[in-house]
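Novice: Okay, here's the prediction I keep looking at, along with the sequence it came from:
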Amino acid sequence: MQGGGDADGRPRMVRDEERCSDDVTETAHQISTDSWLQAGFVLTTGVNSVFVLGYSATIMVPLGWIGGVVGLILATVISWYANSLVAKLHEFGGKRHIRYRDLAGYIYGKKAYSTTWALQYVNLFMINIGYLILSGSSLKAVYVLFSDNHAMKLPHFIAIAGFVCAVFAIATPHLSALRLWLGFSAMLTLVYVVVACVLSAKDGINAPPRDYSITGSSGSRIFTTIGATANLVFAFNTGMLPEIQATVREPAVKNMLKGLCFQFTVGVLPLYAVTFIGYWAYGSSTSTYLLSDVKGPVWVKTFANISAFLQSVIALHIFASPTYEYLDTKFGITGSALAIGNLSFRLAARGGYLIISTLVAALLPFLGDFESLTGAVSAIPLTFILANHMYLVAKRNKLTSFQKLWHWLNVCFFGLMSVAATVSALRLIAVDSKTFHLFADL
């Protein structure tokens with residue numbers, strides 16, 4: 001992925017006829033309309049989505065106190081840095097790159113455009129599978145509170161969650177239309193985070209000493225540690241920063257950096273709180289859905305689980321929006337969002353996408369494994385490898401030798417980490433597939 005240089009010293013871009021045809025005006029969705037704070041809330045919604053209820057188990061249990069705490073702090077700092085690199089390239093070459101693949105294609109050419117597109121959509125698809133698993137888990141948690149027969153299983157609730165997500169996707173045309181929903185999402189997040197923290201702390205105070213040891217053989221612990229490292233990357237990165245930045249008003253770079261500052265300071269506090277308190281309260285026995293562990297009034301747990309379910313519906317829409325944008329733009333869906341033709345198209349296209357996602361989620365509901373695989377095969381390459389190399393190519397004539405070395409070290413290190421984490425995640429999925437049958441009720 002090397003780029004040459006022009007006579008004037010700037011990084012050589014691909015020739016006009018080789019550049020990707022996507023331009024800032026070639027989108028069916030709104031751009032340059034949102035404040036940096038709204039972008040910050042979009043990012044924070046992703047970071048503090050219902051996935052945070054699983055990090056005590058998927059990050060802290062495999063890594064322990066020292067590894068988990070240090071890992072989360074390092075992942076926060078490194079992710080902030082890597083996302084800032086991508087944000088600074090948003091207007092590289094004098095144009096706004098409103099999609100991740102547009103930016104990669106502008107710097108490298110068509111092959112990188114296609115590769116980035118594939119990586120990004122695999123990333124977003126697997127993230128949405130995780131949301132469907134967790135939203136189904138939250139509905140099941142409510143069901144268990146009021147029913148003793150357990151006739152309905154997790155796959156049934158995943159199917160219900162998929163239907164609700166489809167209705168919301170059809171009713172919400174694009175990312176900028178989430179304005180009021182983002183405020184609603186913040187309140188929902190506050191509900192389940194506060195309930196999880198308070199009830200977990202109460203259980204921890206009243207419980208006997210917990211076991212915080214890292215279980216498993218030496219070989220299995222190596223794989224679970226690598227998998228947890230991929231989960232750390234997964235926790236803080238969306239894989240769709242240019243698409244979110246496209247909605248931000250000018251100056252887009254400055255405003256996006258403000259949004260990232262909000263995300264990685266105020267925005268990460270709820271994640272830290274629920275992850276650390278949950279692990280402290282239940283130790284190595286913590287489940288991948290923290291609200292299933294807590295003890296407390298039925299109405300409080302019901303409220304928290306319903307809040308988690310509704311927030312996951314909103315968060316899934318954020319991560320599915322690049323797919324929706326592509327389909328709407330590809331088929332020329334413009335005009336009123338309430339037009340019969342536009343509604344019919346969203347029903348068919350978005351409904352079809354969510355049917356496939358729901359089927360996969362119900363088929364293989366192994367949440368921690370999907371987090372690891374998503375982080376390994378797409379989040380690490382998109383957020384760290386590609387970000388550092390794109391910045392190196394785009395700015396290399398302005399970088400010192402030490403800065404170039406630093407970016408190359410990042411590319412090589414995260415490249416090796418991606419390979420190791422992919423092997424680890426595939427092993428975990430293979431092991432769990434032998435332990436649990438398809439459409440398992442976890």
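Specialist: Received it, and whenever you're ready, just let me know what you need.

Novice: what ranges of this protein fall below the confidence cut-off?
Specialist: Scanning the chain for pLDDT under 70 picks out 1-30, 335-337, 366-368, 370-371, 435-442.

Novice: tell me the strands in it, going along the chain?
Specialist: Applying DSSP state E to the chain gives no strands.

Novice: how many neighbours does F163 have?
Specialist: 14 (other CB atoms under 10 Å). Where you see a C-beta, it was placed from the backbone N, CA and C, and this is true even at glycine.

Novice: pretty sure A308 contacts S138?
Specialist: Yes - judged on CB atoms under 8 Å, A308 makes contact with S138 at a distance of 4.3 Å.

Novice: Compare those two and say which one has the larger neighbour count.
Specialist: Set A308 next to S138 and count neighbours by other CB under 10 Å: A308 wins out with 30 against 27.

Novice: And the more buried one, how far from E250?
Specialist: Relative to E250, A308 is positioned 36 Å away (CB to CB, to the nearest Å).

Novice: Ok, R396 next?
Specialist: 27 Å.

Novice: try Q403
Specialist: Taking CB to CB, one finds Q403 at 28 Å from E250.

Novice: Neighbour count: these two, which is higher?
Specialist: The residue with more neighbours, out of Q403 and E250, is Q403; 14 against 10, by other CB under 10 Å.

Novice: which ones are touching the most centrally placed residue in the chain?
Specialist: The residue lying closest to the centre of the chain (CA atoms, centre = their mean) is T238, at 4.2 Å. T238 sits next to 43, 46, 244, 318-319 when contact means CB atoms under 8 Å, 6 or more residues apart in numbering.

Novice: how about a cut-off of 10 Å?
Specialist: T238 is in contact with 42-43, 45-47, 79, 83, 100, 123-124, 127, 244, 263, 318-319, 322, 379, 382-383, counting by CB atoms under 10 Å, 6 or more residues apart in numbering.

Novice: Wait, E325 touches R99, no?
Specialist: Yes - if you go by CB atoms under 10 Å, E325 and R99 touch, sitting 8.0 Å apart.

Novice: Of those two, which one has the most company?
Specialist: R99 (25 against 21).

Novice: That one touches G105, doesn't it?
Specialist: Yes - here R99 lies in contact with G105, judged by CB under 10 Å, at a distance of 8.9 Å.

Novice: can you point me to the longest helix in this protein?
Specialist: helix 110-146 (DSSP state H).

Novice: Mind giving me the packing neighbours of that helix?
Specialist: helix 100-108, helix 154-171, helix 218-236, helix 241-245, helix 298-330, helix 340-363, helix 367-374, helix 386-395 (3 or more CB pairs under 10 Å, 6 or more residues apart in numbering; DSSP states H and E).

Novice: Dump those into a markdown table; add distance to L426 as well.
Specialist: Shown next, in a markdown table, are the helices and strands packed on helix 110-146 (distance: least, CB to CB, whole Å):
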| stretch | distance to L426 |
| --- | --- |
| helix 100-108 | 25 |
| helix 154-171 | 23 |
| helix 218-236 | 10 |
| helix 241-245 | 27 |
| helix 298-330 | 23 |
| helix 340-363 | 16 |
| helix 367-374 | 7 |
| helix 386-395 | 22 |
